[in-house]
Every structure is written in structure tokens, then in C-alpha cells.
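Asker: give the three-dimensional model of this entry:
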Amino acid sequence: MQLYRQYALELSRTLSRMPWDVIDGVVNVLHSARMNGNHIFVMGNGGSAATALHMACDLGKNTVVPGLPRLRVMSLTDNMALFSAHANDNAYENVFAEQLDNFARPGDVAIAISASGNSPNVLNGMARARYLGATTIGWCGNDGGKLAGICDLAVIVPNYCTEQIEDVHLIMEHIITVALRDAMPARMAKNGTNGTKAGAFALPTPTPVTLAMDAPNTMG
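Answerer: As a prediction, this is how the structure comes out:
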């Protein structure tokens, strides 16, 4: 029983230290993409691939607001035929970069989810997204890894436990979905925007959070 309580306590402590201002910046970027008709691409491996799929589903369906454009979102992990073809013919490290070459355009948004922040295919995907003119957002854990240093916005979960990092990433996805559906329309009304003005929310300066955990306690 102690293990269960400790896990829940550490997860609660992590949530209390999250960089919510940076997450609000992510919401602003995604809302601007919605208003400008840009596409959003999400990528990740393993559990993070599942979160990418979950996020694409929620952003595509659960953010629908009457009078506002729908989010154009795509997970780069959902077409297994295309994914495996690139893995087989162009190396696994390029499975996301190759797909972005097909779809990404200037003004689009690329979101990479990686607990370690060091997955080679995610790093290559984000580098390609930047080259193609997309805004890049990284969701990491640990110390942010290499991913945090190459993104326009980096959300670093202050934790070393892979399972808890993945827990928080899924919670973030749900919070962002609710914000885009409920909070953003209210903010627009307060600011006097009519729901059709593009570029109403500017990209904030990236402010990756510094780790607060003392030392690794599990794999990361």
C-alpha cells in the first residue's frame, strides 16, 4: 500500500510544480493555428505514441465550438503502413521527418512527446518541422534532454519517473483540450475578439522549467 500512496504523492507534487504559464502558451499557439487554418502534427514513441493518438482524437473532436474553426490535427503514429514503410526504407530515425515533408507547411505546429527528450526520430522530426517553418513544441521530462533545446516552447515535467512523466503528459493533453473548448472562447469574449480574427494570441518566449526533483529514482 505504501508504494501506491508514494506514487500518488509524487504525482501530486509534480503537478504542483508544473510550468502552467508555458502550457498556457501552448494553448495560445494551438488556438492561433485553429484561427489561421494551420495543421497540428503530434509525434511520439511507445506510451508517448499512444498519447499522441489520444491527443489527436481529443483535439479533433472534443474542441468543437460553434462559430469557431475546427482544429486540423494529425498524429504521425496512426498510419502504420506509412510509418513502417519509412522505418524500413528510410530508417526508424526518420519516420516523423519523412511524414512532415509530405504535410507540414509554414505556420503549422509540430508537437513532440518524449519522456527522455532524446528519442532520435523525435529530434529529427522537430528539426525537419523547424526547417519547414512550423512552430515546434516539446513535451519532455527529466532535464528536458536535447528536445527542450530545439523547440519554440518546451514543457518539462519536473520528474525522473517515466511512468509519472507519461501520466502528466496525458493530464496536460486533457487540460489543453478543455482550455481550447471552454476557456479560450471565454477569453476571446473578454478580449472582444469575434472568433474569426487570426493571430490574436502571440507566441510567448520559451521558459522551460528547471527540475525540482533531487535525483533519479527510477528509469527515465
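
Asker: helix or strand with the lowest mean pLDDT in the protein?
Answerer: helix 184-191 (a mean of 79; mean pLDDT, DSSP states H and E).

Asker: sort out which residues of it are buried, please.
Answerer: Neighbour-count burial for helix 184-191 flags 184-185, 187-188 (criterion: 16 or more other Cβ atoms under 10 Å). From N, CA and C alone the C-beta is placed, and that goes for glycine too.

Asker: got a list of what the residue nearest the centre of the chain touches?
Answerer: Central residue of the chain (Cα atoms, centre = their mean): Ile111, 4.2 Å from the mean position. Shown in contact with Ile111 (Cβ atoms under 8 Å, 6 or more residues apart in numbering): 40-43, 52, 55, 137-139.

Asker: one more pass at 10 Å, please.
Answerer: 26, 29-30, 40-44, 51-52, 55-56, 59, 73, 75-76, 126, 129, 134-139, 151, 153, 155, 173, 176 (Cβ atoms under 10 Å, 6 or more residues apart in numbering).

Asker: just the buried members of those residues?
Answerer: The buried subset of the contacts of Ile111 - by 16+ other Cβ under 10 Å - is 26, 29-30, 40-44, 51-52, 55-56, 59, 73, 75-76, 126, 129, 134-139, 151, 153, 155, 173, 176.

Asker: pretty sure Cys57 contacts Thr77?
Answerer: No - applying Cβ atoms under 10 Å as the test, Cys57 and Thr77 come out as separate, 11.9 Å apart.

Asker: what's the overlap in contacts for the two?
Answerer: Common neighbours of Cys57 and Thr77, using Cβ under 10 Å, 6+ apart, do not exist here.

Asker: so between these two, which is more surrounded?
Answerer: Ranked by neighbour count (other Cβ atoms under 10 Å), Cys57 and Thr77 place Thr77 first, with 23 against 15.
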